[in-house]
Structure formats: structure tokens, C-alpha cells
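Undergrad: sequence-free structure coming up:
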Ligand SMILES: *Cc1c(COP(=O)(O)O)cnc(C)c1O
């Protein structure tokens with residue numbers, strides 16, 4: 001049996017349609033803005049997000065950083081949530097490269113900021129304070145369990161930011177999952193914000209890449225920052241060709257991943273040792289805790305790996321499984337029966 005790889009949706013490989021698109025893509029030098037396939041992809045991305053312009057970026061981490069650099073000045077303070085990717089998982093780049101400091105906004109279990117408290121953290125013009133220029137939100141919010149953040153919430157947060165002269169950036173690495181779960185058009189989630197980054201390399205199955213979208217001025221600054229960071233690419237149309245398939249085709253099937261994740265969560269919570277709340281599983285991410293007498297979490301993870309079931313162990317009891325293209329309901333049945341067997345055999 002091929003391993004069933006639930007570590008992340010980043011493990012997805014290009015679809016057959018993507019390989020065909022790569023072979024047929026017209027190419028040019030994108031640093032001169034002359035790659036027709038990149039231009040078509042960026043135009044499509046800007047249309048779908050309801051923004052004036054969009055820019056193809058090698059990674060989500062670089063997309064968030066380019067956005068931060070384009071919105072802020074060295075020494076600014078950025079308002080972020082505590083358990084977000086921009087703060088925890090991007091190598092400290094907003095400080096190391098952006099020269100920004102962060103202020104943590106309180107958030108609830110779903111990863112939403114407590115809106116009534118946001119203004120308490122917005123400080124006036126005072127020479128003692130670092131200037132504040134940007135609020136960053138994450139949608140879907142990964143560490144909260146892949147939770148989608150709603151349209152009304154996004155609008156209210158944008159209104160608060162704008163009423164104080166701040167910008168709102170969305171780390172929307174999985175924003176198409178959010179739109180699918182909410183049953184809304186992705187532009188309903190992105191229009192209120194000043195910029196959005198999303199990944200095509202995750203559930204949308206492209207091999208490489210992310211997009212930043214915003215108004216024309218912002219994208220012009222972002223293009224310069226991308227070059228600054230060494231992210232200018234040449235015949236990037238081979239990648240953008242996959243991105244076009246991601247946007248036109250793969251955004252339409254994410255509900256299948258969400259159904260598999262939910263089935264997985266309901267199955268796991270029936271097994272001994274698992275703590276998981278299936279009600280919270282609304283996109284493609286399943287966080288769970290595992291603890292069973294005689295079988296610690298690291299050993300359990302390793303036994304599963306040996307039997308071809310791969311997932312992420314975060315340390316302690318916390319683990320994560322992510323569903324994606326190529327994982328179907330029959331795979332979920334297989335995962336559940338193999339795990340049940342391992343627990344029976346290994347626990348004392
Ligand atoms: C994956 C991810 C990113 C970007 O990651 P890259 O691996 O650099 O593409 C940003 N934010 C969140 C929430 C993510 O899950």
C-alpha cells in the first residue's frame with residue numbers, strides 16, 4: 001500500500017491537467033512582466049479576489065513578508081494574533097527583515113480577535129510608541145483548527161483598522177477552503193481587506209507558489225519588495241500554468257476534502273485515546289490529542305508511520321491530520337481501521 005500522507009495539504013502533487021498545462025504554456029521573462037501565462041494567472045487571481053492587481057510569489061512566507069514590507073515602515077508595530085503563522089512559523093522575518101515589532105491581540109477559540117478589544121490596542125500618535133500601520137488576520141485560522149473567519153467579522157475588523165488609519169492584511173493561505181466552508185465567494189472575504197496572500201501549493205495542488213492581491217499601488221510596491229527578496233522569477237509561466245488550473249478547477253472540489261476531514265474526525269473520536277471535537281472540523285484540518293496507557297504519542301505516531309499512515313506530531317499529545325486531493329473516503333476508512341488495529345495491538 002502507498003502511504004496515506006495526512007501530514008499536510010502541501011504534499012499534493014500536480015494534477016494530470018497541470019502537467020498538460022505546463023507543456024503548453026506560452027512563456028516569457030516575468031521580471032520584464034513578459035510572461036503571458038503569469039500575466040493571465042495574475043489577472044485571474046485579481047478578478048477572483050476582487051482586487052485591482054495580483055502578484056505571483058514563490059511562497060506564502062514570502063507573500064506575507066512582501067505584503068508587510070509594502071504596508072509598513074521599518075520600526076512599525078503590527079497587530080497579530082497569538083497563534084498565527086506570521087508570528088510563529090515564518091522564521092521571525094517580520095522583525096529580522098521587516099524591522100517590525102508585534103503586538104498580540106486577544107482572540108477566542110476560533111482564532112477571531114475579540115473585536116471589542118481591538119481598539120484598546122490601537123495607540124495614538126505619541127513619540128514614545130512605535131507607529132502602528134497594519135493588522136494581520138489568518139483565514140482559515142490554522143491553529144484554531146482550520147476555522148474559517150466570516151464575512152461580517154472581516155468587514156468589522158477592516159472598519160476598525162481603517163477608522164484608525166491602519167491597513168488589514170489577510171494571511172489567506174487556505175482562504176478558498178474558508179470560502180467553501182462558508183458557502184461564499186472568496187471575494188466576499190477579501191474585498192474588505194487591503195491585501196490578501198493565498199497559496200496555490202496547498203489544497204489547490206500546484207507544485208509551487210502563492211499570490212498577493214491588493215490595489216495597484218500596493219502591488220507595485222510589492223513587486224519591488226519581491227525583487228528585493230530575490231523572488232523575481234523568469235519563465236515562471238510553467239508554474240503559473242498550474243496556478244490557473246488551481247483557480248479554475250481545484251477551488252471547486254475543496255468540499256470533498258472537508259467531507260473527508262469530518263468523516264475522519266467522527267471516526268477518530270470513537271477510538272480509545274483520542275480527544276477530538278468533530279463539530280469544530282469545518283475545513284480540511286483535524287487536530288487531535290492522543291493519550292493512552294502504555295502508548296505515548298510519539299510511539300503511536302511512529303507505529304502509524306510504519307503502517308503507512310503519516311500525520312504531524314506537534315509534541316506533547318497534539319497531532320494534526322490534513323485531507324487533500326488524492327485522499328478519498330475509502331482512504332479514511334483504511335486509516336481508521338489501521339489505527340484501531342494499532343491501538344488494540346500496542347496498548348496495554
Ligand atoms: C502554509 C502557510 C503559510 C505559507 O507557507 P509557505 O510554506 O511559505 O508557502 C502562511 N500561513 C499559513 C497559515 C500557512 O498555513
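TA: Cool, got the structure. What you see is a predicted model; the values in this text were computed from it and never measured.

Undergrad: state the distance from the residue in the stretch 1-150 of the chain that the ligand sits nearest to to residue 202.
TA: The stretch 1-150 of the chain approaches the ligand most closely through residue 60 (2.3 Å), counting by C-beta to the nearest ligand atom. Every C-beta, even on glycine, is put in place using the N, C-alpha and C of the backbone. Applying C-beta to C-beta, to the nearest Å, one obtains 8 Å for the distance of residue 60 from residue 202.

Undergrad: shared neighbours of these two, anything?
TA: Listed as contacting both residue 60 and residue 202 by C-beta atoms under 8 Å, 6 or more residues apart in numbering are residue 173.

Undergrad: looking at those two, which has the bigger crowd around it?
TA: residue 60 (27 against 23; other C-beta atoms under 10 Å).

Undergrad: would you confirm that that one contacts residue 173?
TA: Yes: the pair residue 60 and residue 173 qualifies as a contact (C-beta atoms under 8 Å) at a distance of 4.9 Å.

Undergrad: which residues do the two both contact?
TA: 85, 197-199, 210.

Undergrad: and the ligand, which of those residues reach it?
TA: 85, 199, 210 (C-beta under 6 Å from any ligand atom).

Undergrad: what's in contact with the strand or helix carrying residue 343?
TA: Secondary structure from DSSP states H and E places residue 343 in helix 329-346. With C-beta under 8 Å, 6+ apart as the test, helix 329-346 has contacts from 1, 4, 6, 259-260, 263-264, 267-268, 271-273, 292, 294-295, 299-300, 303-304, 307-309, 323.

Undergrad: next: stretch 256-269.
TA: When contacts are defined by C-beta under 8 Å, 6+ apart, stretch 256-269 is touched by residues 9, 146, 177, 180-181, 203, 274-278, 281-286, 288, 321-325, 327-329, 331-332, 335-336, 339.

Undergrad: can you flag the buried ones in these?
TA: The neighbour count (16 or more other C-beta atoms under 10 Å) marks 9, 146, 177, 180-181, 203, 274, 276, 278, 281-286, 288, 321-325, 327, 331-332, 335-336, 339 as buried among the contacts of stretch 256-269.

Undergrad: also near the ligand: which of these, exactly?
TA: Among the buried ones among the contacts of stretch 256-269, not one lies near the ligand by C-beta under 6 Å from any ligand atom.
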